[in-house]
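Participant: Attaching a predicted model along with its sequence, questions to come.
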Amino acid sequence: MAGRQNSAEAISNLIQEHEENVTARANRVSNFELSTWNVDEVAAIMDQVSPRSKTRGSNDPCGPEINRSSPMIDWMFTFVQAPEVLIRHSIQQQAALCVNRLGKFQIRREGYAVMSHVWGETCGWNTPTAWGPVDLQLRKKGILHRHFLKFFDRCESEWLWVDVLAMPEVLEDMTAAAKAETERLRTDVINNLRQIYMRADKVVCLDSFLLRLRSGGMIDVAVVVCLGRWITRLWTFTEARLAKQLILRTEDAAFDLDEILKFLYENVDNDEHRYCGMLARLQPLRPVPLGHVARKWRPEQEQIFSDIRFGGENRLCDVGVDQARALFPLLALKWQTGWTLQQGLQRIAEIRPNAKEFVEEYCRYRGIDWSS
């Protein structure tokens with residue numbers, strides 16, 4: 001046991017040499033996904049990760065950019081922002097409000113990709129030394145166009161659906177009436193997310209750690225994605241689970257998660273296999289392929305509940321109510337503006353015979369105070 005602990009600690013320390021603010025994830029992965037690996041094996045993967053740029057404010061794969069609005073910026077640069085009227089039309093048509101490289105918007109039902117990301121990593125809204133707080137006037141302008149083009153360089157699609165553009169934001173200086181109306185619009189977009197994700201040709205994962213991996217193989221990609229921030233967010237789980245195809249972008253390549261999982265399913269034949277931890281972590285992200293069996297939280301429980309139970313583990317939300325709201329697209333449910341976290345969980349508990357048991361377990365491991 002002492003040797004295992006020493007190995008896990010050494011692996012965690014090695015990972016932290018290659019990424020910032022990753023202590024908790026490095027400790028968890030070294031004790032679970034990489035529990036049967038040795039330091040040299042992990043070092044071979046970390047050696048393929050490009051050093052993070054030390055440029056000030058460079059904590060994102062698509063930046064760094066600017067954080068403060070100014071007349072000079074207004075004069076020199078163009079910003080991309082979705083017109084509210086098109087957001088409303090996309091809601092009415094139950095379709096995706098997409099954008100192209102020129103910053104032109106179009107409502108589409110097919111022929112587009114979804115960008116799956118952690119906002120703090122990709123929006124180019126960093127302060128000179130860290131993430132946020134973001135200048136309010138800058139947020140009102142949208143995304144800097146020259147920065148926005150980097151999304152297309154990585155997603156390789158003519159049309160993109162980007163949540164930070166298609167989802168109206170409630171801003172601090174809005175009137176109470178404007179905040180309420182914007183929140184209603186956000187709810188309407190959220191209630192359309194299931195169709196948006198499922199109709200997209202692909203969902204593309206942009207993770208800052210993974211985007212620094214050079215020429216890795218499938219296992220290298222599986223290891224690094226388990227270490228990134230993308231896998232720590234609950235909304236990205238929903239995006240991945242509903243996608244036709246989930247693409248994981250590295251520095252110089254793209255990998256289909258279904259192909260990685262196919263390899264893992266075909267090679268992991270017992271709980272002691274060295275890839276077992278990675279399969280357990282990644283399997284809930286995608287539907288189980290024919291001929292294979294996924295683990296279940298309860299034998300009688302529906303697979304989607306087991307996938308949420310395991311796939312949502314260690315995943316966070318910036319807004320507490322999203323611990324319920326992020327599950328609604330997965331379960332084909334409609335959110336109501338003004339609902340609390342408890343009301344959202346209660347709605348989930350009512351939908352199927354075993355749902356209440358799932359909600360109780362979900363709240364237990366997430367530390368949510370909920371009573372039916």
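Facilitator: Great, that's in hand. Numbering: from 1, shown residues only.
Participant: what about E360, distance to L333?
Facilitator: 18 Å (Cβ to Cβ, to the nearest Å). In this view, the C-beta of every residue, glycine as well, is placed from N, C-alpha and C.
Participant: In terms of neighbours, single out the busier of those two.
Facilitator: Set E360 next to L333 and count neighbours by other Cβ atoms under 10 Å: L333 wins out with 18 against 15.
Participant: Isn't that one up against A349?
Facilitator: No. With contact defined as Cβ atoms under 8 Å, L333 does not count as touching A349 (11.4 Å).
Participant: So what's the residue count around the residue lying closest to H273 once chain neighbours are set aside?
Facilitator: Leaving aside its chain neighbours, H273 sits nearest to N267 (7.1 Å; criterion: Cβ to Cβ, 6 or more residues apart in numbering). Look at N267: counted by other Cβ under 10 Å, it has 13 neighbours.
Participant: Was I right to think Q48 contacts G217?
Facilitator: No. If you go by Cβ under 8 Å, Q48 and G217 don't touch, sitting 9.4 Å apart.
Participant: Looking at these two, which has the bigger crowd around it?
Facilitator: Comparing Q48 with G217 by neighbour count (other Cβ under 10 Å), the higher total belongs to Q48, at 17 against 13.
Participant: check contacts around the more buried one.
Facilitator: Contacts for Q48 were tallied using Cβ atoms under 8 Å, 6 or more residues apart in numbering; they are 213-216, 220.
Participant: first to last residue in stretch 121-141, what's the distance?
Facilitator: 18 Å (Cα to Cα, to the nearest Å).
Participant: For T129, report the pLDDT, please.
Facilitator: On pLDDT, T129 comes in at 51.
Participant: At which residues are the strands of the stretch 51-200 of the chain located?
Facilitator: Counting by DSSP state E, counting those that start in this stretch, one finds strands in the stretch 51-200 of the chain at the ranges 79-80, 96-99, 105-108, 113-117, 143-144, 160-161.
Participant: Lowest mean pLDDT across those, which one is that?
Facilitator: Across those, strand 143-144 gives the lowest mean pLDDT, at a mean of 84.
Participant: name the helices or strands packed onto that one?
Facilitator: strand 79-80 (3 or more Cβ pairs under 8 Å, 6 or more residues apart in numbering; DSSP states H and E).
Participant: Partner strands of the strand it packs on and their direction?
Facilitator: Using DSSP bridges, the strands paired with strand 79-80 are strand 143-144 (antiparallel).
Participant: circling back to that earlier point, just put the contacts of Q48 in TSV and tack on secondary structure.
Facilitator: Converted to TSV, the contacts of Q48 look like this (DSSP: H, G, I helix; E, B strand; the rest coil):
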residue	secondary structure
L213	strand
R214	coil
S215	coil
G216	coil
D220	helix
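Participant: looking at those, which has the most residues close by?
Facilitator: L213 (26 neighbours).
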